[in-house]
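Enquirer: Return a 3D structure for these sequence lines:
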Amino acid sequence: MKRLIQKLLRRRSRPKTPVLRPDGWSLRRRLLLIVMGTSISLWLVSLSIVVGVAWHATSEVLDDALEEGARLVLLLDPQGAQATPSTPGALLNRGDALKLRMYYQLVAADGRVLLRGDDTPKTAFLPQARREVTSTVWVDDELWRVYVRPGPEGVTAQVAQPMKERLELLEDMAENLIWPALGLLTLLGLLSWLLIRRLMRPLEDTARHINSKSPDDLTPVQGGNPPRELQPILDALNALMARLSAALESERQFTSDAAHELRTPLAGLRMRVQLIERELQLPDPHLQQLRTDLDRCTTLVESLLALTRLEPQAEPLKRETVDLNQILDSLSPSPPALPVTIERTLAVTMLQAAPVLLSSALRNLIGNAVLYGGAGARVRIETTRRSDGGVRLVVRDNGPGVSPDQRTRLGEKFFRVLGTGQPGNGLGLSIVARIAALHDAKLSFEDGLEGQGLGVALDFPAN
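Expert: Residues are numbered from 1 along each chain as shown. I've put the predicted structure just below:
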């Protein structure tokens, strides 16, 4: 019967294998990269369109300047005669206004260059041209933009500009555009990061709210004012928590009912054993062992009922100011006939707690200390005020103690240190751990009196 109960409770308390969370990707970072990548791509496309439009418009203006220059070049005397006085100046002024030099030639019908400007190639740009044309040609290993205007007697005026100078103008235009655009992109990135961070705040608030819930809190998650995209996740999570709460409640009810139903047959069996002993009027070791086993099963059932009552409840724990001296006065060590010394060093006597639960925790701690300390055991109950305003309650003994590697398992259900030779069911410290959790207190284990034995500490938070 005891093994059946242990198996059921051990199945419930079996530690779950931790799920390793793989390194995930950042939604905020991905949104920022998408926004910035899209913005940069559109910016490059827009810059290309702007530069293309500007290049087209500038080329038309420069081509018009070439046409005007060709008209003026036709006024020049190919034999070096006087031309209109304002003609050269007008030509240069137009070129200076555009910040580009124009190179001109007067070309005869047979392709000879009759007149050319300074630094103008000696070779005709388009020697075979006889009609008005605008073209791009290679002359003297350089690319030129040329306009040809026919004149009298087969003479043509050919005015050109180096394409590299036009490209330099385009580069200057791009440089003037790129720095403001980079500044705007930087501002866009900063604003996008701030806005995305603000929009992601409901997710962070919901995650913080979920993380703040205790393992015993299975109430629905309230996300404040979550976006519609987050609501299905919250609904699914709340539905899962509702199913989990129902499953835990069913299992808790089963444990409580099973433990409660076992109390009556165990009490009946113990009574029958006592009747048989009275009828035999002789001590029987088998009957004594049977009675001892029945007592252990009864204690186990009582412990199971205590754990069931301490399971998570919907109502918050009701606390009040309790006097530790009164609680300790009401407790008596078990067995009472064992010669033990119980000391009190209470720097703090008043504590905010549930009186019944605190009394149960102290009864288990003192009982364990007396049981494992044996005859002549010393037990000391200490309280101190921590620097953060909380209260530290410690029960120490001078018994055999527990090794540091086994202290980490103290508090687990049905765990007992082997080799002690003392009866028990391994649920006493589990009850203490559950009571500590209900009070938001931290349970820890340390050395006992004079460097030996065991000390069990409960750190209660500040009020």
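
Enquirer: what about the stretch 1-150 of the chain, any weak spots by pLDDT?
Expert: Within the stretch 1-150 of the chain, the segments meeting pLDDT under 70 span 1-24, 77-100.

Enquirer: Helices of that one, residue ranges please.
Expert: Listed in chain order, the helices found in the stretch 1-150 of the chain under DSSP state H, counting those that start in this stretch are 2-13, 27-73, 86-97.

Enquirer: Show me what the longest one is packed against.
Expert: Put plainly, it is helix 27-73. helix 86-97, strand 103-107, strand 142-150, strand 156-162, helix 163-199 (3 or more CB pairs under 8 Å, 6 or more residues apart in numbering; DSSP states H and E). Every residue, glycine included, has its C-beta placed from N, CA and C.

Enquirer: Between helix 163-199 and it, find me the angle.
Expert: Counting by axes from the mean of the first three to the mean of the last three CA atoms, to 10 degrees, helix 27-73 points 160 degrees away from the direction of helix 163-199.

Enquirer: and Gln161, how far is that from Val137?
Expert: From Gln161 across to Val137, the span is 12 Å (CB to CB, to the nearest Å).

Enquirer: More neighbours: which of those two?
Expert: Neighbours per residue, other CB atoms under 10 Å: of Gln161 and Val137, the larger number sits with Gln161, 23 against 15.

Enquirer: Check whether the more buried one really touches Leu143, as I assumed.
Expert: No: taking CB atoms under 8 Å as the contact criterion, Gln161 and Leu143 are not neighbours in contact, 10.1 Å apart.

Enquirer: the strands in this structure, which residues?
Expert: Counting by DSSP state E, the chain forms strands over residues 103-107, 113-116, 133-139, 142-150, 156-162, 320-323, 340-346, 350-353, 377-385, 391-397, 442-447, 454-460, given from the N-terminal end onward.

Enquirer: care to break the protein down by domain?
Expert: Under automatic domain parsing, the residue ranges defining each domain of the chain are 28-171, 217-309, 320-460.

Enquirer: could you give the mean pLDDT of the second one?
Expert: Which is domain 217-309. Here domain 217-309 scores 74 as its mean pLDDT.

Enquirer: Repeat that for the last one.
Expert: Regarding domain 320-460, the rounded mean pLDDT is 79.

Enquirer: and the end-to-end length of it?
Expert: End-to-end distance of domain 320-460: 14 Å, with CA to CA, to the nearest Å as the criterion.

Enquirer: From the chain's centroid, how far away is that domain?
Expert: Between the mean C-alpha location of domain 320-460 and the chain-wide mean there is a distance of 39 Å, by CA atoms, centre = their mean, to the nearest Å.

Enquirer: Same check on the second one?
Expert: On the basis of CA atoms, centre = their mean, domain 217-309 is displaced by 38 Å from the centre of the chain it belongs to.

Enquirer: just to revisit the earlier point, can I get the strands of the chain in a markdown table including distance to Ser212?
Expert: Shown next, in a markdown table, are the strands of the chain (distance: least, CB to CB, whole Å):
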| stretch | distance to Ser212 |
| --- | --- |
| strand 103-107 | 79 |
| strand 113-116 | 87 |
| strand 133-139 | 72 |
| strand 142-150 | 71 |
| strand 156-162 | 72 |
| strand 320-323 | 26 |
| strand 340-346 | 33 |
| strand 350-353 | 21 |
| strand 377-385 | 27 |
| strand 391-397 | 23 |
| strand 442-447 | 17 |
| strand 454-460 | 20 |
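
Enquirer: Return the most buried member of these.
Expert: Mean neighbour counts were compared across those using mean count of other CB atoms under 10 Å; the top stretch is strand 156-162, at a mean of 25.
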